[in-house]
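Peer 1: Need coordinates for the below:
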Amino acid sequence: MAPRLLPRCWAGLQRATATTTTMTMTAAEATAAKSIATHTATPVLSVAMAGRLVEGRRGVKYGWSTLPRRGSKPTRFNQQTAGLPAPTTGPAAALKRKENTTPLRTGVLATKRGMTAFYSKSGSRIPCTILELDNVQVVANKTRAKNGYWAVQIGSGNKRPATVTAPQLGYYEAKGIAPKQHLAEFHVRNESGLLLPGVTIQPDWFHIGQWVDVRSNSRGFGFAGGMKRHGFSGQNKTHGNSLNHRTIGTTGPSQGSGSRVMPGKKMPGRMGNERVTVQNLNVLQVDNDLGIVVVKGAVGGPKGALVKISDAIKKPQPAAAFIEKTRAIVEERSPLAAEQLEAARKRHLELKEARREGRIAELLSRGFSDLSIEEGIALEESEEAEFEEEAAFEAPIPEAALETPTETPAPRA
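Peer 2: Take a look at the predicted model:
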């Protein structure tokens with residue numbers, strides 16, 4: 001251990017340090033450094049502290065930091081500019097981890113209609129489920145820049161506008177789509193899986209022999225006991241047991257658990273109505289005229305249950321040629337989707353302004369159609385003019401004009 005210096009040695013070092021610092025500092029900085037050096041016992045740290053105090057910066061909470069500045073934001077940690085590895089958390093890292101298990105394209109919404117059976121050439125019976133696609137349309141897209149992930153929002157069925165809230169009606173109005181009974185999101189791997197809002201998806205989105213994953217809610221059974229819900233065997237029917245034959249018995253043993261009920265204990269409660277995913281089902285039939293997709297095997301839920309169909313994640317994705325073909329077919333069925341979407345957005349802004357000004361009742365009284373406000377008013381005026389012309393043309397003819405002049409007979413010779 002180095003010997004401690006005498007006070008006279010410290011005084012000499014302080015004078016030498018003050019002289020050197022004064023030559024390179026301004027008057028204010030030299031005064032601050034001299035005052036700090038007088039009240040401290042470490043002249044080297046005094047100079048550093050003086051410089052930091054003059055600049056108005058502090059280091060970490062408990063002491064002065066000697067680390068280099070970390071880019072443009074020195075107070076932020078885990079920066080790659082400081083030579084640290086890329087973070088393994090965050091939206092970008094999460095999308096990277098889920099890349100291999102995210103389908104390349106969107107799925108569809110369907111309704112379970114029931115089960116039937118197919119028979120193979122050898123005579124074997126193949127149970128299958130019929131899934132119906134009811135007016136399936138793309139409603140919106142979720143992007144990485146705005147929402148943090150890539151997804152397609154799909155709508156299915158029709159809903160009466162009278163049963164839809166005003167904000168939801170505005171949501172559909174801005175896209176030019178009728179209100180949907182069901183809405184669901186399907187994550188896609190990247191931007192290439194997005195579709196234009198308003199296009200319709202039919203059963204030929206899938207092909208025969210393809211592997212799909214089907215998600216639905218199982219049938220709900222209400223409140224059920226332990227024997228029905230979890231398969232408990234029940235208690236003894238004799239040996240003093242009375243009126244406790246179907247009860248589950250004790251739930252909180254005292255040894256090892258602290259006389260409490262452990263989390264996850266199987267007990268009576270709501271049974272069913274849970275999300276059930278059946279993976280790797282084979283598509284047996286696709287029919288656009290009937291609007292059905294027939295898959296092999298059983299699907300959870302009763303008849304009429306909402307079902308999500310998507311490409312299987314544990315099987316190879318469909319061929320790139322088939323994906324491009326189906327995308328082209330979908331776009332060909334709705335060639336004016338982009339123009340209709342832009343027109344719907346403009347019409348929505350005009351209606352929004354009309355509601356703000358209180359002119360919506362006037363527009364409704366005039367019979368506002370899908371056209372813009374100006375076009376609707378012009379169309380109403382033209383229709384009124386045509387109606388007046390037709391009324392004038394179909395006006396009753398006066399009786400005097402209908403009378404035929406009587407001819408006087410010629411005199412006899």
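
Peer 1: Give me the residue ranges of this structure where confidence is low.
Peer 2: 1-83, 367-413 (pLDDT under 70).

Peer 1: One more pass at 50, please.
Peer 2: Filtered on pLDDT under 50, the chain yields the residue ranges 21-22, 36-37, 39-56, 59, 370-373, 376-377, 379, 401-402.

Peer 1: those helices in it, which residues are they?
Peer 2: 7-24, 27-38, 43-55, 91-97, 144-147, 166-173, 226-230, 320-333, 337-357, 360-365, 373-393, 399-402 (DSSP state H).

Peer 1: Determine the number of other residues adjacent to the closest residue to Arg160 other than its chain neighbours.
Peer 2: If you skip the residues right next to it in sequence, Arg160 has Pro179 as its closest partner in space, 7.6 Å away by Cβ to Cβ, 6 or more residues apart in numbering. Any C-beta I mention is one placed from the backbone N, CA and C, and that applies to glycine too. Using other Cβ atoms under 10 Å, Pro179 has 20 neighbouring residues.

Peer 1: and Pro179, how far is that from Leu196?
Peer 2: Distance of Pro179 to Leu196, given as Cβ to Cβ, to the nearest Å: 19 Å.

Peer 1: ok, now Ala312?
Peer 2: 26 Å.

Peer 1: Neighbour count for those two, which is higher?
Peer 2: Shown here are Ala312 and Leu196; by other Cβ under 10 Å, Ala312 has more neighbours (18 against 14).

Peer 1: Disregarding flanking residues, what is the spatial nearest neighbour of that one?
Peer 2: Nearest residue to Ala312, sequence neighbours excluded (Cβ to Cβ, 6+ apart): Trp211, at 3.9 Å.

Peer 1: wouldn't that neighbour be in contact with Ile309 here?
Peer 2: No: taking contacts as Cβ atoms under 8 Å, Trp211 lies outside contact range of Ile309: 11.2 Å.

Peer 1: Could you list the domains of the protein?
Peer 2: 9-56, 108-220+270-333, 337-391 (automatic domain parsing).

Peer 1: which of those domains is buried the deepest?
Peer 2: For the domains of the chain, the largest average neighbour count (mean count of other Cβ atoms under 10 Å) is found in domain 108-220+270-333, namely a mean of 16.

Peer 1: mind checking the end-to-end distance for that domain?
Peer 2: 17 Å (Cα to Cα, to the nearest Å).

Peer 1: How about stretch 254-267?
Peer 2: With Cα to Cα as the measure, stretch 254-267 spans 18 Å from end to end.

Peer 1: what residues are up against Ala93?
Peer 2: Ala86, Pro87 (Cβ atoms under 8 Å, 6 or more residues apart in numbering).

Peer 1: now do Ile126
Peer 2: Ala117, Phe118, Tyr119, Ser120, Leu284, Lys296.

Peer 1: can you tell me which of those are in strands?
Peer 2: Those of the contacts of Ile126 mapping onto strands are Ala117, Phe118, Tyr119, Leu284, Lys296, per DSSP state E.

Peer 1: Return the two entries of those residues that lie farthest from one another.
Peer 2: The largest separation in the ones in strands among the contacts of Ile126, counting by Cβ to Cβ, is between Tyr119 and Lys296 at 12.8 Å.

Peer 1: First-to-last residue distance for stretch 100-117?
Peer 2: End to end - Cα to Cα - stretch 100-117 spans 34 Å.

Peer 1: Hmm, Gly249 is touching Gln235, no?
Peer 2: Yes: between Gly249 and Gln235 there is a contact under Cβ under 8 Å: 6.3 Å.

Peer 1: Neighbour count for the two, which is higher?
Peer 2: Using other Cβ under 10 Å as the criterion, Gly249 and Gln235 rank with Gln235 on top: 13 against 9.

Peer 1: my guess is the more buried one contacts Thr250, does it?
Peer 2: No: using Cβ under 8 Å as the test, Gln235 is too far from Thr250 to be in contact (10.8 Å).

Peer 1: State whether Glu191 and Asn141 are indeed in contact, as I suppose.
Peer 2: No: Glu191 is beyond contact range of Asn141, at 9.1 Å (criterion: Cβ under 8 Å).

Peer 1: returning to that earlier point: now for the contacts of Ile126: which two are most distant?
Peer 2: Tyr119 and Lys296 (12.8 Å).

Peer 1: show me where the stretch 151-300 of the chain has strands.
Peer 2: For the stretch 151-300 of the chain, the strands defined by DSSP state E, counting those that start in this stretch cover 151-156, 182-187, 211-217, 220-224, 269-272, 275-287, 292-296.

Peer 1: Partner strands of the last one, with direction?
Peer 2: Going back to what we said before, that points to strand 292-296. Using DSSP bridges, strand 292-296 pairs in its sheet with strand 125-132 (antiparallel), strand 275-287 (antiparallel).

Peer 1: between those strands, which gets nearest to Glu331?
Peer 2: Closest approach to Glu331 among the strands paired with strand 292-296 is made by strand 275-287 (19.0 Å; Cβ to Cβ).

Peer 1: when you compare where that closest one runs with where strand 211-217 runs, what's the angle?
Peer 2: Put simply, strand 275-287 runs at 130 degrees to strand 211-217, going by axes from the mean of the first three to the mean of the last three Cα atoms, to 10 degrees.
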